[in-house]
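**Q** Following is a predicted model, sequence given first.
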Number of protein chains: 2
Amino acid sequence: MAVTCATSRARAGVWREASARRRERKVGRVHCVAKQVERVDFVPYDASDASWTSGSFDEERRTFAQRFRLRSYEVDGERMASIITLANMLQEVATNHVLGLWGKGKDGFPVPPEMVERNLGWVMARMKFQLDRYPTWGDLIEVRTWFCAAGKLAARRDWDLVDIVTGERIGGCTSMWVCLDMAKRRMSRIPPGVRQEFEKSSPVDEVFALGQGVIPLKLPDFDDEPEFIGPTVVARRTDIDMNGHVNNVAYIGWALEALPLSESEQFNLKEVEIEFKNEALQGERVVTMASPSPCAVPAHPNDGKDYTSHCYLHSLSREADGEELVLLRSHWCPK
Amino acid sequence: MAVTCATSRARAGVWREASARRRERKVGRVHCVAKQVERVDFVPYDASDASWTSGSFDEERRTFAQRFRLRSYEVDGERMASIITLANMLQEVATNHVLGLWGKGKDGFPVPPEMVERNLGWVMARMKFQLDRYPTWGDLIEVRTWFCAAGKLAARRDWDLVDIVTGERIGGCTSMWVCLDMAKRRMSRIPPGVRQEFEKSSPVDEVFALGQGVIPLKLPDFDDEPEFIGPTVVARRTDIDMNGHVNNVAYIGWALEALPLSESEQFNLKEVEIEFKNEALQGERVVTMASPSPCAVPAHPNDGKDYTSHCYLHSLSREADGEELVLLRSHWCPK
């Protein structure tokens, strides 16, 4: 079969062609047929329904949840989900949530129509992601998300992660988003109509994934000489997301590259706090640095170990002009 | 909520805690409850069944298929699946296929028991992956796979990719694997008992995903001065797979980094052929090079364009000792 640039909807699958060839030959012995008898993961799909999303709303349509079975390529050498995998899941659930509420806008993005008209968009400013336990290969995880307005310029989105089989909560995340005028690239008020829509789609009482009142806060400046400088990162094709920008999640991976291997060999990442400041473009070279930092939220397992030495402040900056792109704080606990 | 290193199965989810708080307060108005009423993607799961896998066998247990809905973070700036996403899906289906046949061995990997006893494993040597159309965000794809012995030392595994909604076949892949003595790191004969098991689990007649007799062939040496040298790649934490090695799929992304951006902006990758020679370890620096190459499988859409200039030979080599890790040939067609 030659490579062809033309596609054809009528073209039959090779597997079916082969099956047909065998049938034509009328070979008497039993042969393999492609009929499905044991499928367990069929996903109903209505191709005519453009608002279809994976996942589902609660009955009040104020939260949205989706389940994920951890795939073989989503885990690391210890068969544990990477933080990248889990952060991608958060993003997927958030996207399907708003897709379920507003469908795809004219530019293909799910935002309230009033925001599309005013050329406004949402940009994540800060995030705080805590993991009590990393799920492993094959685990079935439910990620639930909800959002609410946070003042007149911002919104908060939180997530809760639960192991479906054990019922155990394994982590949570909170994030702050600002409403941005996409042309002027500056903050804008949330339009009143959108705030009203938010009220219908947000939990009636405030719900915080990481404890009452916990939101992601501003991180300290990265002032001192870095203790660790990682290999310079180049934004790869595979780091680019559906908006054509570097995926927010990619910055987490880049920031962690600054630390020596021994850190992730002996410790689990329990929390990351992120402040997004500027964005990198594909092909740009990014410097990744880290230094030990006092822990904002120290862990006290009372085992006599010094956990404060395993909190780091990370900075990612564009090599060309030194512009800081992302500040991140990571908190590690012994395995 | 403080970060804690201790996990507790009994710990209730924050969402449920908040719901309970609201219930205790006996607030009369309607509030959000977490009850599921619209779930559409529930995956049945029997936690007591360790051999459970996603996907399903055909009724003869000679092929295995799994469906994937393309997630928001699995597509690029044009909302198309990346080749990385699709190659990961191939790997996931292959893993679940053998997991369905043999379960997890004592080291957690699904290989026939006779191979575990003899400390033998399978290593992918070559692969040829063709895509007629890239699926887009939200598409539902079925990936079917099957394998058979290929002589006494090797096995062939093929895959077929179909868009479930349109029924259109969108691509296929073929790969050759060698049976390796894991201690001596050299090729070994497939044990006779394993060959017998293969006969029960392979299609009765030979089936080739890319056309009758098409298997991945040896690539030409990368001899000349490279026309393109990409930014040096450093194997990231996120490039490591569940075996603790660099994921085979990561090499594809690295190889493509050698080409200028204009190539992927104006052309779609229609085929990659890969020859795996050595493996990189986390933290190692890898040089990625490419040069135009005569097309082994030229495309002839009869539109007068010169497609031969859009076939490249790529080489990945370890910076420290110059050892070649991977040879790859990429074939591009105008968008």
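**A** That came in fine, so what should we check first? Residues are numbered from 1 along each chain as shown, chains lettered A, B, ... in the order given.
**Q** so residue A:334 touches residue A:269, yeah?
**A** No. Judged on Cβ atoms under 8 Å, residue A:334 makes no contact with residue A:269 at a distance of 11.9 Å. Placement of C-beta: from N, CA and C, glycine included.
**Q** neighbour count winner among these two?
**A** In this view residue A:334 and residue A:269 are compared by other Cβ atoms under 10 Å in any protein chain shown, and residue A:269 has more residues nearby, 20 against 13.
**Q** after the helix or strand harbouring that one comes which helix or strand?
**A** Here residue A:269 sits within strand A:267-276, counting by DSSP states H and E. With elements assigned by DSSP H and E, the helix or strand that comes after strand A:267-276 is strand A:285-292.
**Q** Contacts (any at all) between chain B and that following strand?
**A** Yes. Counting by Cβ under 8 Å from any Cβ of the partner chain, chain B has neighbours in strand A:285-292: residue A:285.
**Q** tell me what that strand is packed against?
**A** strand A:228-229, strand A:233-234, helix A:248-256, strand A:311-318 (3 or more Cβ pairs under 8 Å, 6 or more residues apart in numbering or on different chains; DSSP states H and E).
**Q** Tell me what angle that strand forms with strand A:311-318.
**A** Strand A:285-292 runs at 160 degrees relative to strand A:311-318, counting by axes from the mean of the first three to the mean of the last three Cα atoms, to 10 degrees.
**Q** what lines up beside strand A:285-292 in the sheet?
**A** The pairing partners recorded for strand A:285-292 under DSSP bridges are strand A:228-229 (antiparallel), strand A:233-234 (antiparallel), strand A:311-318 (antiparallel).
**Q** domain ranges for chain A?
**A** A:51-217, A:219-335 (automatic domain parsing).
**Q** do you know which of these lies nearest residue B:60?
**A** Taking Cβ to Cβ, domain A:51-217 is the member of the domains of chain A nearest to residue B:60, at 24.4 Å.
**Q** Now that closest one: average pLDDT?
**A** Throughout domain A:51-217, pLDDT has a mean value of 91.
**Q** starting at the chain centroid, how far to that domain?
**A** Counting by Cα atoms, centre = their mean, to the nearest Å, domain A:51-217 is centred 9 Å from the centre of its parent chain.
**Q** could you pull out the strands for the stretch 51-200 of chain A?
**A** Assigned strands in the stretch 51-200 of chain A, in chain order: A:56-57, A:64-69, A:120-131, A:140-150, A:154-163, A:169-181, A:186-187 (criterion: DSSP state E, counting those that start in this stretch).
**Q** Restricting to C-alpha, output the second one in PDB.
**A** What follows is the C-alpha trace of strand A:64-69 in PDB, where atoms were taken according to Å, rounded to 0.1, in the frame of the first residue of the first chain:
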ATOM      1  CA  PHE A  64     -18.800  18.200  36.300                       C
ATOM      2  CA  ALA A  65     -16.900  14.900  36.600                       C
ATOM      3  CA  GLN A  66     -15.100  12.500  34.300                       C
ATOM      4  CA  ARG A  67     -13.400   9.200  34.800                       C
ATOM      5  CA  PHE A  68     -10.000   8.100  33.600                       C
ATOM      6  CA  ARG A  69      -8.400   4.700  33.700                       C
END
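**Q** Could you check that strand against chain B for contacts?
**A** Yes. Strand A:64-69 comes into contact with chain B (Cβ under 8 Å from any Cβ), by way of A:65-67, A:69.
**Q** Which neighbours in the sheet does that strand have, and how are they oriented?
**A** With DSSP bridges as the test, strand A:64-69 is paired with strand A:56-57 (antiparallel), strand A:140-150 (antiparallel).
**Q** If we ignore the residues flanking it in sequence, what's nearest the residue most central in space within chain A?
**A** In chain A, the centroid-proximal residue (Cα atoms, centre = their mean) is residue A:88; its distance is 2.8 Å. Nearest residue to residue A:88 in three dimensions, chain neighbours excluded: residue B:73, at 4.6 Å (Cβ to Cβ, 6 or more residues apart in numbering or on different chains).
**Q** Would you check how far apart that neighbour and residue B:329 are?
**A** 28 Å (Cβ to Cβ, to the nearest Å).
**Q** Hmm, the residue nearest to the centre of chain A is touching residue A:252, no?
**A** No. Applying Cβ under 8 Å as the test, residue A:88 and residue A:252 come out as separate, 10.0 Å apart.
**Q** Could you dump the helices and strands packed on strand A:285-292 into JSON lines and include mean neighbour count?
**A** Converted to JSON lines, the helices and strands packed on strand A:285-292 look like this (neighbours: other Cβ atoms under 10 Å in any protein chain shown):
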{"stretch": "strand A:228-229", "mean neighbour count": "14"}
{"stretch": "strand A:233-234", "mean neighbour count": "22"}
{"stretch": "helix A:248-256", "mean neighbour count": "24"}
{"stretch": "strand A:311-318", "mean neighbour count": "23"}
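**Q** Pipe these into JSON lines and attach mean pLDDT per row.
**A** Converted to JSON lines, the helices and strands packed on strand A:285-292 look like this (pLDDT from 0 to 100):
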{"stretch": "strand A:228-229", "mean pLDDT": "95"}
{"stretch": "strand A:233-234", "mean pLDDT": "87"}
{"stretch": "helix A:248-256", "mean pLDDT": "93"}
{"stretch": "strand A:311-318", "mean pLDDT": "96"}
